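Visitor: Okay, structure incoming, though there's no sequence with it:
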């Protein structure tokens, strides 16, 4: 029977663009002003990136919508009303929609990355959205030193699902997937028979496109695990211990989830112009092994201020594309 993830499996691999506010190492972009953020978003060359990926035969691309700084690369009126931050830290430009349209002209699908919680480094947003736990973090100023577990946070979940729903319904079928980070307290927050729960969260993510793929990240776990029966692909975040793909499916409560790894080639996520942390031979060999067993691998690659991929990583992707091609039956539409 046809499965929601068939196109993804046939794509075999794709890329991730970590585009976030900047402000120095380990700052989480806290030093970025609203004006600076809008200039960065406006400078993102969607046509140039789409042309690069098209020339490299990349089937799909993830883009970071936002993270801990509270800066997002798309406007959201629901978020602005809830957070009450003026001027808005959501960009004026809808970079997600602009990139989705540019990629579509090259037969490439766009998916997005988003945390499952309020911006960890924005105390105003955390308070207004009623977000009440975080990480025990080495970052300066104790951005997330309030780690607490055992809280269901119903009101926060409802707020966040409404924020997500505003984006999802606006983008519709221009966005083909969501990778939600930080689902570390799933038992406390989401595994509940009554909403809000994983089911209602998945519903918000898919409200604009019922065919969109969903992943809930529980952290770096190998072998890969399915976090919920309401996700479609494993989050698969991997640092150094790369598990071999045993086959297409990872099961959760008799629900089949597509095997998928999400990692980075550069020095770190989004990683600058430094040397690749992984040799090209490993990237190709690992992706080939996964594809041979119907798994999928997403590789994060470094980019410049305009969103264009640095030349050394273009060469890696070019050789990867020659070695591991999408299945002949792959179709982006």
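Guide: Now that the structure is in, tell me what you want to look at. Everything numeric here is computed off the predicted structure, so don't read it as measured data.

Visitor: For the stretch 201-333 of the chain, give me the ranges with low pLDDT.
Guide: Along the stretch 201-333 of the chain, the parts satisfying pLDDT under 70 run over 328-333.

Visitor: any chance you could map the helices in it?
Guide: 280-292, 311-323 (DSSP state H, counting those that start in this stretch).

Visitor: what sits up against the first one?
Guide: Right, the one you point to is helix 280-292. Counting by Cβ atoms under 8 Å, 6 or more residues apart in numbering, helix 280-292 makes contact with 12-13, 242, 244-245, 259, 261, 265, 296-297, 299, 315-316, 319-320, 323-324, all of which sit outside it. Where you see a C-beta, it was placed from the backbone N, CA and C, and this is true even at glycine.

Visitor: rerun at 7 Å
Guide: Applying Cβ atoms under 7 Å, 6 or more residues apart in numbering, the contact partners of helix 280-292 are 12-13, 242, 244-245, 261, 265, 296-297, 299, 316, 319-320, 323-324.

Visitor: Type out the PyMOL command that picks the buried ones from those residues.
Guide: Isolation of the buried members of the contacts of helix 280-292 (16 or more other Cβ atoms under 10 Å) is achieved in PyMOL through the command below:
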select buried, resi 12+13+242+245+261+265+296+297+299+316+320+324
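
Visitor: Which single one of the contacts of helix 280-292 is nearest to residue 129?
Guide: Proximity of those to residue 129 (Cβ to Cβ) peaks at residue 261, which lies at 30.8 Å.

Visitor: Just want the most central residue of the protein.
Guide: In the chain, the C-alpha closest to the average C-alpha coordinate belongs to residue 113, at a distance of 2.1 Å (Cα atoms, centre = their mean).

Visitor: residue contacts, it?
Guide: Contacts for residue 113 (Cβ under 7 Å, 6+ apart) come out as 62, 63, 64, 65, 179, 181.

Visitor: Quick check: the farthest pair among the residues you listed?
Guide: By the measure Cβ to Cβ, 63 and 181 form the most distant pair in the contacts of residue 113, at 13.6 Å.

Visitor: Residue 69: helix or strand, and which one exactly?
Guide: Secondary-structure assignment from DSSP states H and E places residue 69 in no helical or strand segment.

Visitor: so the closest residue to it other than its chain neighbours, which of the three states?
Guide: Using Cβ to Cβ, 6 or more residues apart in numbering and skipping residues adjacent in sequence, the residue nearest residue 69 is residue 29, 3.4 Å away. When classified by DSSP: H, G, I helix; E, B strand; the rest coil, residue 29 comes out as coil.

Visitor: Can you work out which other helices and strands pack against the longest helix along the chain?
Guide: As assigned by DSSP state H, the longest helix anywhere in the chain is helix 154-171. Counting contacts by 3 or more Cβ pairs under 7 Å, 6 or more residues apart in numbering; DSSP states H and E, helix 154-171 is packed against helix 77-83, helix 95-104, helix 198-205.
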